[in-house]
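In: I would like to see how this sequence folds:
(chains A, B, C and D)
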There are 2 protein chains.
Amino acid sequence: MSRTSDRAYAAIRNMILAGELPAGTQLGEEALAEKCGVSRTPVREALRRLETELLVVRTDTQRSFVAEWSIDDVRDAFDLRAMLEGYAARRAAQRMTTDSLARLRSANAQIAQAIALPRPDVAAFIDGNRMFHAAILDCAGSRRLMAQLGSLVEQPVVWRTAHQYGPDALHRSWSEHEELVAAFARHDGGWAEAIMQSHILRAYHAYADAHKGLTGGVSAAPSAKTPPAELPVVHSAGAARRVIEVAA
Amino acid sequence: MSRTSDRAYAAIRNMILAGELPAGTQLGEEALAEKCGVSRTPVREALRRLETELLVVRTDTQRSFVAEWSIDDVRDAFDLRAMLEGYAARRAAQRMTTDSLARLRSANAQIAQAIALPRPDVAAFIDGNRMFHAAILDCAGSRRLMAQLGSLVEQPVVWRTAHQYGPDALHRSWSEHEELVAAFARHDGGWAEAIMQSHILRAYHAYADAHKGLTGGVSAAPSAKTPPAELPVVHSAGAARRVIEVAA
DNA sequence: CCTTTAAATATTGTATACAAATGCCATTGG
DNA sequence: CCAATGGCATTTGTATACAATATTTAAAGG
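Out: Numbering: from 1, shown residues only, chains lettered A, B, ... in the order given. Sure, this is the predicted structure:
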């Protein structure tokens, strides 16, 4: 991961996720190159990656902009993720090995420890959560599924500091993971799928509730000729900080 | 689409799909650049695109190879497509407009005409089929879904000359489309989803039957150090011609 | 005053040169 | 004879220069 291209990708991605580059911002290659301290070549590659992940949109004349997210887009992303990750859970349940099961238990044990402290260790929680879901995806054994979910799990709106989660929400997440482990242990694909879908969609509603009234419907993509000017930019200075992860 | 990069993409893609570049072949940038008559820069871009579509795999040391397809990979791709396109059908049914419905009827009318002739016009059939499915996807109104299905619909194994389809199979495909139109007209999402899944999975079994015994299980990706040498290359000269589209 | 046109500016696309890394092969030492 | 190491060939990564294209600005005409 020491390649310049990856650094550029990570840098741009973080700037978008952090709100430093608000939705609708034009992404000039030269400007980004300077900001990242690299040449345009790796920046171009990074932009293409971000484009396939829909974090960046391009006009028909090849100009890149930070993608806009309407409330419907968010719902859309969660629905898709619920379906795909539910499918992953179903497949994983069928192919579950004792080894994978151990990894899942271990990951959720880390989560239990992270939320047990007087003040929850959010970083550890997020990390354990990531490991848990990654293990399931790995066990599902589908390259395609992995590729498709990869571009879906960490989206801008999906990000949200788990700090906003109260102790009860954190515990409920852990509890759902435990239930998933039970389903996996019994190789019950249908059960696992149902739990997972519920798990994800609950996360969506947690997000939606937290953002009630905040997000005026921002339209999807900047159109060809009039991209950044007239866009109602939602992410003002205050909103920039609010970018985090919905910990499913 | 007059950009050099797109030409390179299309050229490489076609070479893979046509079997000219058999699975496991190393894809050197310079060699491809010469073959396409362009410089390495657009070739690199094309390779990255093909990589995200899983037509090309890269080793951990950044070498590119034509992806291998095991029978399980094929099944995997069809399962995913069935799920995603089923989902698209469900959404489309809910949002169906008279305008979109007209487009669907028109596309299927073209199919009817294409298969009605004494000798079926396969090109017209494929074209109509593409239009039909594209209209549904469009009506589903999900950018993400469109992006994800885009990399799934035209995969190497999914390709197969519809020439292999007999008149009955062509007619059945048309008939299922008609049923889809009926479900759409009634805004019955569940029905539409079920038909679509059946439609896709039937196509899978048509493919599987046609390739029985032919495809010895080819493993997934060439491993890091020993990529092309020991691979049991399936696509011999004879197999190269067999590359086409499973017309769902 | 608005629309249209044309030049100027800015941005992206492609090619090429060079640097870094990987892979291969032969040689050497055990 | 096998394993390890060194250098040579090949391949990919990055930077930069130049060409093509798009956008903006300003001026002219209606």
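In: from here on, just use CA atoms for contacts and neighbour counts.
Out: Fine.
In: can you list the residues of chain A near chain B?
Out: Contact residues, chain A versus chain B (C-alpha under 8 Å from any C-alpha of the partner chain): A:45, A:52, A:54, A:73, A:76-77, A:80, A:142, A:144-145, A:147-148.
In: report the buried members of these.
Out: Buried members of those, scored by 16 or more other C-alpha atoms under 10 Å in any protein chain shown, are A:45, A:52, A:54, A:73, A:76-77, A:80, A:142, A:144-145, A:148.
In: DNA strand D: which of these is nearest?
Out: Using C-alpha to the nearest atom of the strand, A:Glu45 comes nearest to DNA strand D of those, at 7.8 Å.
In: which non-adjacent residue is nearest the closest one?
Out: A:Ser5 (6.8 Å; C-alpha to C-alpha, 6 or more residues apart in numbering or on different chains).
In: so the one you found, which state does it fall into?
Out: Of the three states, A:Ser5 takes helix under DSSP: H, G, I helix; E, B strand; the rest coil.
In: could I get the buried ones among the residues of chain A next to chain B in JSON lines, plus columns for pLDDT and secondary structure?
Out: Listed next are those as JSON lines, based on pLDDT from 0 to 100; DSSP: H, G, I helix; E, B strand; the rest coil:
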{"residue": "A:Glu45", "pLDDT": "97", "secondary structure": "helix"}
{"residue": "A:Thr52", "pLDDT": "94", "secondary structure": "helix"}
{"residue": "A:Leu54", "pLDDT": "94", "secondary structure": "coil"}
{"residue": "A:Asp73", "pLDDT": "90", "secondary structure": "helix"}
{"residue": "A:Asp76", "pLDDT": "93", "secondary structure": "helix"}
{"residue": "A:Ala77", "pLDDT": "92", "secondary structure": "helix"}
{"residue": "A:Leu80", "pLDDT": "96", "secondary structure": "helix"}
{"residue": "A:Ser142", "pLDDT": "95", "secondary structure": "coil"}
{"residue": "A:Arg144", "pLDDT": "93", "secondary structure": "helix"}
{"residue": "A:Leu145", "pLDDT": "96", "secondary structure": "helix"}
{"residue": "A:Gln148", "pLDDT": "93", "secondary structure": "helix"}
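In: save the residues you listed as CSV, and put in distance to A:Pro120 too.
Out: Formatted as CSV, those follow (distance: C-alpha to C-alpha, whole Å):
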residue, distance to A:Pro120
A:Glu45, 38
A:Thr52, 35
A:Leu54, 33
A:Asp73, 31
A:Asp76, 31
A:Ala77, 28
A:Leu80, 30
A:Ser142, 34
A:Arg144, 35
A:Leu145, 32
A:Gln148, 32
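In: quick one: name the residues of chain A near DNA strand C.
Out: When proximity is defined by C-alpha under 7 Å from any atom of the strand, chain A lies next to DNA strand C at A:27-30, A:41, A:44, A:62-64.
In: got CSV for the residues you listed, with pLDDT and secondary structure too?
Out: Compiled in CSV, these are given as follows (pLDDT from 0 to 100; three-state DSSP):
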residue, pLDDT, secondary structure
A:Leu27, 98, coil
A:Gly28, 98, coil
A:Glu29, 98, helix
A:Glu30, 97, helix
A:Thr41, 97, helix
A:Arg44, 98, helix
A:Gln62, 96, coil
A:Arg63, 97, coil
A:Ser64, 98, strand
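In: so how do I select the buried members of these in PyMOL?
Out: The following PyMOL line selects those of those that are buried, judged by 16+ other C-alpha under 10 Å:
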select buried, chain A and resi 27+29+44+64
